[in-house]
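Novice: Let's see this in three dimensions:
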Amino acid sequence: MSLKYLDSARKILCIGRNYAAHIKELNNATPQQPFFFLKPSSSVLKPNAGPFLVPKGVVVHHEVELAFTLNRDLKNLPASFSPEEALESIEGYALTIDMTARNVQDEAKKKGLPWSIGKGFDTFLPVSNFIPQGKIPDPYNVELVLKINGEVKQQDKTNLMLFPIHKILSHMSSIMTLEKGDLILTGTPKGVGPVNPGDKVEAYLSVDGEIIEEIKFDAEQKPGPYEYKQI
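Specialist: Have a look, this model is predicted:
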């Protein structure tokens, strides 16, 4: 099931603003409840599936994240949904990088427009192989590391999440039915920054110093007619 988990993900849901230092570095307001958005399945970049593509005129930022998949449908979970019940709903985990077209997103936000484009370009979701649940007994004891050209840019523990997984699932399921196989990203720590054509990107997920999964790829200019211009 190393990559089959991606075939059953009917939705890819991403928690935003779930690490305080990341909120501060982007000068965003801290949410009072989990805030999330969707990414298209066509944005997935599987391991060894080619380069990451930087669209022309786009300022791309990396956001390394722990993700998990569900082993059952969840709908209208109560606010009292417990941490134990949340872990029992998890099929397994993945290391992911939520790439963001920052200048595209910022302009859309400023003008009150949807910013799906800023998250949805092809290759904008590099993912690792599937991680069985048993390899991550505690999802809050995971270290995330991302390097650009060998230099560490992001490195933090998942115990810094503002909204834990049971709160995320309770809130999301009250809005839309979460389906078995859905892939849910839990937010990124501080240190987001640019990815440019020619960069070599590496990300690691470790538990107690042992690397469990990794992502490695080169960044190239995206071919085709698209070039970012102000909306």
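Novice: Please make it C-alpha for all contacts and neighbour counts, starting now.
Specialist: Will do.
Novice: and the gap between residue 191 and residue 213?
Specialist: Using C-alpha to C-alpha, to the nearest Å, residue 191 is found at 20 Å from residue 213.
Novice: longest strand of this protein?
Specialist: For the chain, the strand that runs over the most residues, judged by DSSP state E, is strand 210-221.
Novice: hmm, who's touching the lowest-mean-pLDDT helix or strand in the chain?
Specialist: Ranked by mean pLDDT, DSSP states H and E, the weakest helix or strand in the chain is helix 20-25, scoring a mean of 88. Helix 20-25 is contacted by residues 17, 29, 30, 160, 161, 162, 188, 189, 190, 191, 192 when judged by C-alpha atoms under 8 Å, 6 or more residues apart in numbering.
Novice: what's around the fourth one, how many residues?
Specialist: Looking back up the chat, that one is residue 160. Using other C-alpha atoms under 10 Å, residue 160 is surrounded by 16 other residues.
Novice: So it versus residue 17, what's the distance?
Specialist: To residue 17, residue 160 is 11 Å away according to C-alpha to C-alpha.
Novice: The fifth one too?
Specialist: When distance is defined by C-alpha to C-alpha, residue 161 is 9 Å away from residue 17.
Novice: Now list whatever residues contact both of those two.
Specialist: Counting by C-alpha under 8 Å, 6+ apart, the common neighbours of residue 161 and residue 17 are residue 187.
Novice: Looking at these two, which is more packed in?
Specialist: Neighbour count, other C-alpha under 10 Å: between residue 161 and residue 17, residue 17 has more, with 25 against 17.
Novice: which residues sit in contact with the more buried one?
Specialist: Counted by C-alpha under 8 Å, 6+ apart, residue 17 has contacts 23, 30, 31, 35, 187, 188.
Novice: Compare these and tell me which is most surrounded.
Specialist: Going by other C-alpha under 10 Å, residue 188 tops the contacts of residue 17 with 32 neighbours.
Novice: Can you name every helix or strand that the longest helix belonging to the chain contacts?
Specialist: What stands out as the longest helix in the chain, according to DSSP state H, is helix 165-175. With contacts taken as 3 or more C-alpha pairs under 8 Å, 6 or more residues apart in numbering; DSSP states H and E, helix 165-175 sits against helix 83-88.
Novice: just to revisit the earlier point, identify those among the contacts of helix 20-25 that sit within strands.
Specialist: Judged by DSSP E, strands contain none of the contacts of helix 20-25.
Novice: between those, which is nearest residue 111?
Specialist: Distance ranking of the contacts of helix 20-25 against residue 111, using C-alpha to C-alpha, places residue 29 first at 17.4 Å.
Novice: What is the neighbour count of residue 230?
Specialist: For residue 230, using other C-alpha under 10 Å, the count is 8.
Novice: Okay, it and residue 116: tell me how far apart.
Specialist: Going from residue 230 to residue 116 by C-alpha to C-alpha gives 15 Å.
Novice: Any regions of this protein where pLDDT drops low?
Specialist: Scanning the chain for pLDDT under 70 picks out 1, 231.
Novice: If we use 90, what do you get?
Specialist: 1-4, 7-9, 20-21, 23-24, 26-33, 229-231 (pLDDT under 90).
Novice: if I pick the closest residue to residue 44 other than its chain neighbours, what's in contact with it?
Specialist: Nearest non-adjacent residue to residue 44, counting by C-alpha to C-alpha, 6 or more residues apart in numbering: residue 125, 4.5 Å away. The contact partners of residue 125, taken as C-alpha under 8 Å, 6+ apart, are 43, 44, 45, 96, 97, 98, 99.
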